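# Let me see the structure of the following:
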Amino acid sequence: MKIPITFLGTGQAIPTAKRNHTGILLSYKSENILVDCGEGIQRQFRIAKINPCSLTKILITHWHGDHVLGLPGLLQTLALNGYNKKLEVYVPKGTRRFSDLMFKLFVFRRKINYNINEVEGKFFENSDFILEAEKMEHETPCLAYSFTEKEKLRINKEKLKKLEKMKIKGNLIGELSRGKDIMLNGKKIKSEDATYRQESRKIAIILDTGMNPNCEKIAKNSDLLICESTFMENSENGKKLAKEYHHLTAKQAGEIAKKSKVKRLILTHLSQRYEGKEKKMLEEARKVFKNTEIAYDLMETEV
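Residues are numbered from 1 along each chain as shown. Sure, this is the predicted structure:
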């Protein structure tokens, strides 16, 4: 089963005709996890033909406008469309007051069920996956996030066909997939003979930040790293501006990917100053980390 990712917005503080404010949607089984909620995000959902009422979690990296000003409109859309889940919202420690204020201003509690969580480190775990957050270096409390699917035992397809022909009950197949041996018609079937191990998959998302050790920590061994690339180091004042505003260059994103031993890098959060110059930005990152792509609005990919 692939893990789909949709880039609802890939721009920086000032949007362009081609790039909306930031929003990244990760879908996994019944979970739809939105990382940041830039202005206009509800319209991006509609264009992407994704039902926003499928959302289960929102992960906010920080409280700069280009990452959160889509929340009021999105929450109103959910309320008006009979959202019937409990929306879990995760924010950096010390910033709950911002979310409380925004939610109270725009959404009545009786219309939507939500819970706001201040987080850091491992903050969610179930039988399928783990969510973690690490502090970033920015002008305001800021987090990067990772999604890690747990390693699983899967039934070998050929073995499954044989078991189905034997009309084995589903609960017994479940036992095998949990690593337990079963008895069938007086014969022992070992889990190790009927299963294979599916390795875990990891997706890391680093948005606004200056270079810091936690970038490598959150990205380590990721199958996919989605990383901000606000500036180009080889452009006029690019390196200086990145340091001044606590952002990353394309080269630095490549360095993080290389040092963290990730398999694939996608650049996002591009400044308007590089509109039409994406190829140069891509070249800068690829000199350090070859397997790099640049995201564009409504781009879909999977892990």
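
# what's the first-to-last distance across stretch 51-64?
25 Å (Cα to Cα, to the nearest Å).

# For residue 153, which non-adjacent residue is spatially closest?
Spatial nearest neighbour of residue 153, excluding adjacent residues (Cβ to Cβ, 6 or more residues apart in numbering): residue 195 at 4.5 Å. Heads up, the C-betas are built off the backbone N, CA and C, glycines and all.

# can you check residue 302 too?
residue 2 (4.1 Å).

# Determine the three-state secondary structure at that neighbour.
Following DSSP: H, G, I helix; E, B strand; the rest coil, residue 2 is assigned to coil.

# how near is it to residue 54?
Per Cβ to Cβ, to the nearest Å, residue 2 is found 17 Å from residue 54.

# swap in residue 81?
Counting by Cβ to Cβ, the gap from residue 81 to residue 54 is 11 Å.

# Give me the more crowded residue out of these two.
residue 54 (14 against 11; other Cβ atoms under 10 Å).

# That one is in contact with residue 32, isn't it?
Yes: shown here, residue 54 and residue 32 form a contact pair, counting by Cβ atoms under 8 Å, at 4.6 Å.

# just checking, residue 136 touches residue 145?
No: in this structure, residue 136 is not within contact of residue 145 by Cβ under 8 Å, at 10.1 Å.

# hey, what's in contact with both of those two?
residue 61 (Cβ atoms under 8 Å, 6 or more residues apart in numbering).

# circling back: number of residues surrounding the residue nearest to residue 153?
There are 19 residues near residue 195, going by other Cβ under 10 Å.

# any idea how far residue 253 is from residue 232?
Taking Cβ to Cβ, one finds residue 232 at 11 Å from residue 253.

# same check, this time on residue 299
17 Å.

# C-alpha coordinates for stretch 119-133, PDB please?
Output of stretch 119-133 as PDB, limited to C-alpha atoms (Å, rounded to 0.1, in the frame of the first residue of the first chain):
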ATOM      1  CA  VAL A 119       3.700  18.800  21.300                       C
ATOM      2  CA  GLU A 120       7.400  17.900  21.100                       C
ATOM      3  CA  GLY A 121       9.200  14.600  20.600                       C
ATOM      4  CA  LYS A 122       7.000  11.500  20.000                       C
ATOM      5  CA  PHE A 123       3.400  12.700  20.400                       C
ATOM      6  CA  PHE A 124       1.300  10.000  18.700                       C
ATOM      7  CA  GLU A 125       1.500   6.300  18.300                       C
ATOM      8  CA  ASN A 126      -0.900   3.500  17.300                       C
ATOM      9  CA  SER A 127      -0.500   0.000  15.900                       C
ATOM     10  CA  ASP A 128       0.300   1.500  12.400                       C
ATOM     11  CA  PHE A 129       2.500   4.600  12.700                       C
ATOM     12  CA  ILE A 130       4.300   7.100  14.900                       C
ATOM     13  CA  LEU A 131       4.300  10.900  14.700                       C
ATOM     14  CA  GLU A 132       7.200  12.900  16.000                       C
ATOM     15  CA  ALA A 133       8.200  16.500  16.200                       C
END
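
# what's it in contact with?
Here stretch 119-133 has contacts from 28-29, 31, 33, 57, 59, 90-93, 117, 134-135, 143-150, 218, using Cβ under 8 Å, 6+ apart.

# and that stretch, how far from the chain's centre?
Distance, stretch centre to chain centre, for stretch 119-133: 12 Å (Cα atoms, centre = their mean, to the nearest Å).

# and what of stretch 60-69?
15 Å.

# what is the rounded mean pLDDT of that stretch?
If you average the pLDDT over stretch 60-69, you get 97.

# Just the buried positions in it, please.
Going by neighbour count (16 or more other Cβ atoms under 10 Å), the buried part of stretch 60-69 is 60, 61, 62, 63, 64, 66, 67, 68, 69.

# and which of the residues you listed is nearest to residue 40?
Nearest to residue 40 out of those is residue 69 (Cβ to Cβ; 8.6 Å).
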